[in-house]
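K.L.:
let's see this in three dimensions:
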Amino acid sequence: MLEVLNKLDELQIKYQLIKHIPIYTIEEANNLDIENKEYIVKNLFLRDDKKRNYYLVVIKNHKKVNLNDLMLKINSRRLSFASSDDLNKYLNLKKGSVRPLGILNDKNKVVTIIIDEDILKDNLIGVHPNDNRATIFIKTKDLIKLIELHGNLIKYVKVGD
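P.N.:
Coordinates of the predicted model:
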């Protein structure tokens, strides 16, 4: 967490940090008694069937993703969930801890970030600072800026319903 907060401070990105009990799912996040929890996003780590392309999908917390539909929208081969080993290898994260700021651990910039277009309508986004015992709220544009500065490819797609 400290590495993420230091990076935000270095880039002069303002954030609100809220510590809470460890959470592993969006359902647990929705049960938190914190302000702005509706801005906490759901994250999926996917790969294509040849393990050539990896995607971190960031969507609004109430949405469900149809992998076949997403595959067509991003012009990918068949998609499935990446393994725990892949999650650790590329983002240095554990199962149940997928989050957009994990991209800072992607030193080789292998993972493409897929951001649901509906997230762009919100000024605020809630994500874990690579620690599931806290949530940070930052401006959506600042999260995008951070990913762009890190150098990973971002695609904006209308995801789910």
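K.L.:
contact partners of stretch 91-107?
P.N.:
3-4, 7, 24-25, 41, 43-45, 56, 58, 84, 87-88, 90, 111, 113, 127-130, 132, 143, 146-147, 150, 152 (Cβ atoms under 8 Å, 6 or more residues apart in numbering). Placement of C-beta: from N, CA and C, glycine included.
K.L.:
from the chain's centroid, how far away is that stretch?
P.N.:
8 Å (Cα atoms, centre = their mean, to the nearest Å).
K.L.:
can you check stretch 26-36 too?
P.N.:
16 Å.
K.L.:
quick check: buried residues in it?
P.N.:
26, 29 (16 or more other Cβ atoms under 10 Å).
K.L.:
straight-line length of it, end to end?
P.N.:
Counting by Cα to Cα, to the nearest Å, you get 14 Å between the two ends of stretch 26-36.
K.L.:
equivalent analysis for stretch 46-64, please.
P.N.:
OK, stretch 46-64 end separation, Cα to Cα: 14 Å.
K.L.:
who's in contact with it?
P.N.:
Identification of contacts with stretch 46-64 by Cβ under 8 Å, 6+ apart yields 26, 29-30, 38, 40-45, 65, 67, 70, 74, 76-82, 86, 90-91, 98, 100, 102-103, 110-116, 118-119, 159-161.
K.L.:
ok, stretch 153-161 next?
P.N.:
Outside stretch 153-161, the residues touching it (Cβ under 8 Å, 6+ apart) are 57, 59-60, 63-66, 70, 73-74, 109, 112-118, 120, 144, 147-148.
K.L.:
that older thread, out of the contacts of stretch 91-107, which sit inside strands?
P.N.:
41, 43-45, 56, 58, 111, 113, 127 (DSSP state E).
K.L.:
from residue 81, how far out is the most centrally placed residue in the chain?
P.N.:
Nearest to the geometric centre of the chain sits residue 100, at 2.7 Å (Cα atoms, centre = their mean). For residue 100, the distance to residue 81 (Cβ to Cβ, to the nearest Å) stands at 17 Å.
K.L.:
residue 131 too?
P.N.:
For residue 131 relative to residue 81 (Cβ to Cβ), the value is 22 Å.
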